[in-house]
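Colleague: Any chance you could fold what I've pasted below:
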Amino acid sequence: MHYDELAELGQQLRVDAIRAADAAGSGHPTSSMSAADLGAVLLAHHLRFDFEHPEHPGNDRFVLSKGHASPLLYAMYKAAGAIDDEELLTFRELGSRLEGHPTPRLPWVDTATGSLGQGLPVAVGIALAGKKLDEIPYHVYVLSGDSEMAEGSVWEAAEAASYNGLDNLTLIVDVNRLGQRGPTREGHDLDSYARRLHAFGWHTIEVDGHDVEAVDRAFAEARSTIRQPTVILARTLKGRGVKAVEDLEGFHGKPVKDAESAIAELGGPRHQHVEVRKPEQGVSQSALDGAGKSGGEVELPRYDVGDEVATRTAYGHALEALGSARADVVALDGEVGDSTRTEFFAKAHPERYFECYIAEQQLVASAVGLQTRGYLPYACSFAAFLTRAHDFLRMATVSRAGLNMVGSHAGVAIGQDGPSQMGLEDLAMFRSLHGSTVLYPCDANQTAHLVASMADLDGIRYLRTSRGDDPVIYGPDETFPVGGSKVLRSHGDDDRATIVAAGVTVHQALQAADVLEEYGIPVRVIDLYSLKPVDKDTLNDAAAATGCLLTVEDHHPEGGLGDAVAEAFADGRPAPRLTRLAVRSQPASASPEEQLRAAGIDAEAITAAVKLLVERVVTP
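Modeller: Residues are numbered from 1 along each chain as shown. The predicted model follows:
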């Protein structure tokens with residue numbers, strides 16, 4: 001396509017962005033118009049993509065990090081013939097695939113965007129798959145806005161991309177000077193962005209984003225650069241081509257008022273069709289034949305009842321075994337692999353291990369990117385530190401992402417390290433995620449089985465592991481279905497109360513049950529290892545049999561085990577008397593035993609609470 005035709009294509013994309021937003025009565029046409037020439041050149045000259053086969057492993061990937069500019073993306077799809085004009089004008093309508101910010105409801109969209117600062121981090125994960133695992137020469141393009149360059153996650157990604165030598169990654173920054181409420185911090189100062197990205201190890205190109213010939217040369221230079229990622233810093237004007245909005249404040253996120261006049265000013269509608277170049281013929285689905293195939297049955301580690309083993313250790317060995325059986329399993333860690341025990345996988349399968357260092361947002365984003373390419377990620381850090389990445393996890397659910405998250409060193413039971421290292425909010429965070437699964441094993445064999453089960457689940461799966469060694473209470477052949485629980489103690493109709501615990505508190509509950517039996521108070525003990533989905537039937541049976549439940553958890557009372565149990569009776573089932581033990585005070589440094597005692601969740605506290613609960617039941 002000649003340069004005058006590229007310029008015309010840019011105008012077409014602007015017109016269609018205006019039309020889409022005008023039809024919807026909302027949207028971000030001016031943010032789309034600034035990047036239209038960048039989109040036109042990429043689509044017509046540099047993107048290699050088979051729209052009829054979006055799953056083709058050789059396809060380049062395009063991530064619209066500035067997701068609010070979705071009218072531009074949809075206009076590009078129309079120009080490529082992926083959608084028609086009728087669908088374009090359904091933008092933002094109920095039931096339309098063309099949502100306000102793009103999501104994988106569209107088969108050409110790998111990951112949802114819209115929460116700024118996430119496109120580049122996820123693209124790093126996609127590029128890692130291409131460079132380190134697939135070894136397929138597809139290229140990953142990311143279109144970012146200049147406003148989101150203020151996000152710290154962008155700089156986590158910039159460092160990760162440079163460190164890993166991702167020369168298959170190109171970031172295009174649409175430097176249009178204007179954010180939502182006014183000018184950006186750097187305005188049109190391209191050099192300020194270039195200096196910082198160069199310092200991070202990037203190849204930098206500065207260009208007039210409306211000079212299609214210069215933009216074309218920049219894309220070619222980016223694709224030919226080796227051993228480092230490239231950033232194209234494009235100076236553009238927001239609302240380009242329409243005097244009423246061009247480079248003016250106050251028009252962010254608003255349709256152009258007089259769309260008809262604006263379209264006329266741009267030269268009217270066009271109907272150019274772009275034959276997007278398809279990926280190289282030598283790349284086919286066979287390139288990924290190894291991924292997703294099992295090498296045989298998973299030979300999980302086996303532990304003898306009575307052994308003292310930390311669940312974090314069992315996680316590490318189980319992940320190592322799963323990696324031996326499945327070629328699609330990859331592991332990521334946030335520079336705490338010796339503590340989380342992810343190091344076992346790293347030593348056994350170094351080619352599928354990714355060290356993300358102390359960058360939890362990039363840890364999750366890399367996992368999201370890797371899973372778009374068919375890999376099964378297990379991403380691990382301390383449970384407390386995963387809270388930093390909540391927005392990435394939230395957006396991962398919008399992306400329909402499937403990934404396994406593991407949080408170690410949970411709760412006050414970690415001991416002397418103190419409250420900064422204690423995950424006390426993680427269960428609430430993961431339970432709140434749409435479609436998530438939340439698991440909290442109490443012993444090594446249970447942990448191993450749940451690690452393997454997570455591989456076959458959908459959505460975000462979270463496994464909580466503990467630091468200290470605890471006794472193995474289940475045999476290696478025991479089964480632990482997700483959504484189930486285990487009744488560890490029961491005296492049938494004689495049970496006076498039910499103790500519901502998970503993880504470290506299971507062992508405290510069993511000790512308490514022994515003491516209570518000496519007092520003549522038989523109790524039922526439930527190991528609620530699956531907090532979401534929760535075993536409503538077993539809880540309902542226990543409530544009906546005993547009339548009162550005591551939950552005990554190494555977590556804050558909000559959003560954890562206690563809430564999971566309470567919610568099991570929120571659908572009209574008869575609610576029992578419910579007492580909840582949880583970490584309600586601010587912990588300080590102390591031994592694990594002292595921590596459990598101080599928090600009121602040890603065996604002694606459970607014993608006292610059950611006594612009081614039983615007395616209240618029998619006393620009028």
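
Colleague: only C-alpha atoms for contact and neighbour calcs from this point on.
Modeller: Will do.

Colleague: Shouldn't Cys380 be within a helix?
Modeller: No. Remark: Cys380 does not belong to a helix; assigned using DSSP: H, G, I helix; E, B strand; the rest coil, it is strand.

Colleague: got a list of what it touches?
Modeller: Cys380 is in contact with 331-334, 340, 342, 405-408, counting by C-alpha atoms under 8 Å, 6 or more residues apart in numbering.

Colleague: For these, give me JSON lines that also has secondary structure.
Modeller: Shown next, in JSON lines, are the contacts of Cys380 (three-state DSSP):
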{"residue": "Ala331", "secondary structure": "strand"}
{"residue": "Leu332", "secondary structure": "strand"}
{"residue": "Asp333", "secondary structure": "strand"}
{"residue": "Gly334", "secondary structure": "coil"}
{"residue": "Thr340", "secondary structure": "helix"}
{"residue": "Thr342", "secondary structure": "coil"}
{"residue": "Met405", "secondary structure": "strand"}
{"residue": "Val406", "secondary structure": "strand"}
{"residue": "Gly407", "secondary structure": "strand"}
{"residue": "Ser408", "secondary structure": "strand"}
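
Colleague: Pick out whichever of the residues you listed sits closest to Ser224.
Modeller: Leu332 (29.3 Å; C-alpha to C-alpha).

Colleague: looking at it, the closest one is touching Tyr353, isn't it?
Modeller: Yes. Assessed by C-alpha atoms under 8 Å, Leu332 is found in contact with Tyr353 at 5.9 Å.

Colleague: The two: which is more packed in?
Modeller: Leu332 (26 against 22; other C-alpha atoms under 10 Å).

Colleague: Contact partners for the more buried one?
Modeller: Per C-alpha under 8 Å, 6+ apart, neighbours of Leu332: 342, 353-356, 363, 367, 377-380.

Colleague: so which pair among those residues is furthest apart in space?
Modeller: Going by C-alpha to C-alpha, the pair spanning the contacts of Leu332 furthest: Thr342 and Ala367, at 14.6 Å.

Colleague: related to what we said a few turns ago, quick one, which of the contacts of Cys380 are buried?
Modeller: 331-334, 340, 342, 405-408 (16 or more other C-alpha atoms under 10 Å).

Colleague: In terms of distance to Thr479, which of the contacts of Cys380 ranks first?
Modeller: Val406 (20.3 Å).

Colleague: Next up, the contacts around the closest one.
Modeller: Here Val406 is in contact with 378-381, 383, 462-465 (C-alpha under 8 Å, 6+ apart).

Colleague: got it, and Thr498?
Modeller: So Thr498 contacts 523-526, 542-543, 546, 548-550 (C-alpha under 8 Å, 6+ apart).

Colleague: Which of those residues lies at the shortest distance from Asp458?
Modeller: Nearest to Asp458 among the contacts of Thr498, with distances taken as C-alpha to C-alpha, is Ile526, at 26.0 Å.

Colleague: Name the secondary structure element that contains the closest one.
Modeller: strand 523-527 (DSSP states H and E).

Colleague: That strand pairs with which strands?
Modeller: Sheet partners assigned to strand 523-527 using DSSP bridges are listed as strand 486-489 (antiparallel), strand 497-501 (parallel).

Colleague: sorry, back to before: nearest to Leu450, out of the contacts of Val406: which one, please.
Modeller: Checking those one by one against Leu450 (C-alpha to C-alpha), the nearest turns out to be Leu463, at 8.1 Å.

Colleague: And the helix or strand that closest one falls within, what does it pack against?
Modeller: Assigned by DSSP H and E, Leu463 belongs to strand 460-464. Using 3 or more C-alpha pairs under 8 Å, 6 or more residues apart in numbering; DSSP states H and E as the contact definition, the elements that strand 460-464 packs against are helix 390-398, strand 403-408, strand 437-439.

Colleague: I'd like those laid out as CSV, including mean pLDDT and distance to Trp155.
Modeller: CSV is the format used below for those (pLDDT from 0 to 100; distance: least, C-alpha to C-alpha, whole Å):
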stretch, mean pLDDT, distance to Trp155
helix 390-398, 98, 15
strand 403-408, 98, 23
strand 437-439, 98, 30
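
Colleague: ranges for the strands of the stretch 251-400 of the chain?
Modeller: 308-310, 329-333, 353-355, 376-382 (DSSP state E, counting those that start in this stretch).

Colleague: would you list the ones you listed in CSV and tack on mean pLDDT and distance to Asp22?
Modeller: As requested, the strands of the stretch 251-400 of the chain are exported to CSV (pLDDT from 0 to 100; distance: least, C-alpha to C-alpha, whole Å):
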stretch, mean pLDDT, distance to Asp22
strand 308-310, 98, 59
strand 329-333, 98, 44
strand 353-355, 98, 45
strand 376-382, 98, 41
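
Colleague: Tell me which of the ones you listed sits nearest to Glu86.
Modeller: The nearest among the strands of the stretch 251-400 of the chain, by C-alpha to C-alpha, is strand 376-382 at 37.4 Å.

Colleague: Using CSV, write down the CA coordinates of the closest one.
Modeller: Taking C-alpha atoms only, strand 376-382 is exported to CSV below (Å, rounded to 0.1, in the frame of the first residue of the first chain):
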residue,chain,number,x,y,z
LEU,A,376,-0.5,-23.6,32.3
PRO,A,377,1.2,-21.2,34.7
TYR,A,378,1.7,-21.7,38.4
ALA,A,379,2.7,-18.3,39.9
CYS,A,380,3.9,-18.1,43.4
SER,A,381,5.0,-15.6,46.1
PHE,A,382,4.3,-14.9,49.7
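
Colleague: For that strand, buried residues please.
Modeller: For strand 376-382, the neighbour count (16+ other C-alpha under 10 Å) marks 376-382 as buried.

Colleague: In CSV: the residues you listed, plus distance to His491.
Modeller: Converted to CSV, the buried residues of strand 376-382 look like this (distance: C-alpha to C-alpha, whole Å):
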residue, distance to His491
Leu376, 43
Pro377, 42
Tyr378, 40
Ala379, 41
Cys380, 39
Ser381, 40
Phe382, 38
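
Colleague: tell me what the lengthiest helix in the chain is packed against?
Modeller: Longest helix in the chain, counting residues (DSSP state H): helix 3-24. Helix 3-24 is packed against helix 29-34, helix 36-41, helix 70-79, helix 212-224, helix 259-265, with contacts defined by 3+ C-alpha pairs under 8 Å, 6+ apart.

Colleague: which of those sits most buried?
Modeller: Ranked by average neighbour count under the criterion mean count of other C-alpha atoms under 10 Å, the helices and strands packed on helix 3-24 are headed by helix 29-34 at a mean of 31.

Colleague: So what touches it?
Modeller: 13-14, 17-18, 21, 68-72, 174, 176, 236-241, 245-246, 251-256.

Colleague: next structured bit after the strand holding Ile526?
Modeller: strand 530-532.

Colleague: low-confidence ranges in this protein?
Modeller: Applying pLDDT under 70 to the chain flags residues 281-295, 617-620.

Colleague: from what I can see Glu299 touches Leu319, true?
Modeller: No. Under the criterion of C-alpha under 8 Å, Glu299 is not in contact with Leu319, lying 10.5 Å apart.

Colleague: Ile136 is in contact with Asp60, isn't it?
Modeller: No. Using C-alpha under 8 Å, Ile136 is not in contact with Asp60; the gap is 10.0 Å.

Colleague: Compare the two and say which is more crowded by neighbours.
Modeller: Neighbour totals were compared for Ile136 and Asp60, and Asp60 leads with 23 against 19 (other C-alpha under 10 Å).

Colleague: didn't that one look like it was pressed against Glu280?
Modeller: No. In this structure Asp60 lies outside contact range of Glu280 using C-alpha under 8 Å: 10.4 Å.

Colleague: For the closest residue to Phe219 other than its chain neighbours, give me its contacts.
Modeller: Distance criterion C-alpha to C-alpha, 6 or more residues apart in numbering; nearest residue to Phe219, sequence neighbours excluded, is His46 at 7.1 Å. The contact partners of His46, taken as C-alpha under 8 Å, 6+ apart, are 219-220, 277.

Colleague: how close does His46 sit to Leu38?
Modeller: 11 Å (C-alpha to C-alpha, to the nearest Å).

Colleague: What of Arg227?
Modeller: The gap separating Arg227 from Leu38 is 24 Å, by C-alpha to C-alpha.
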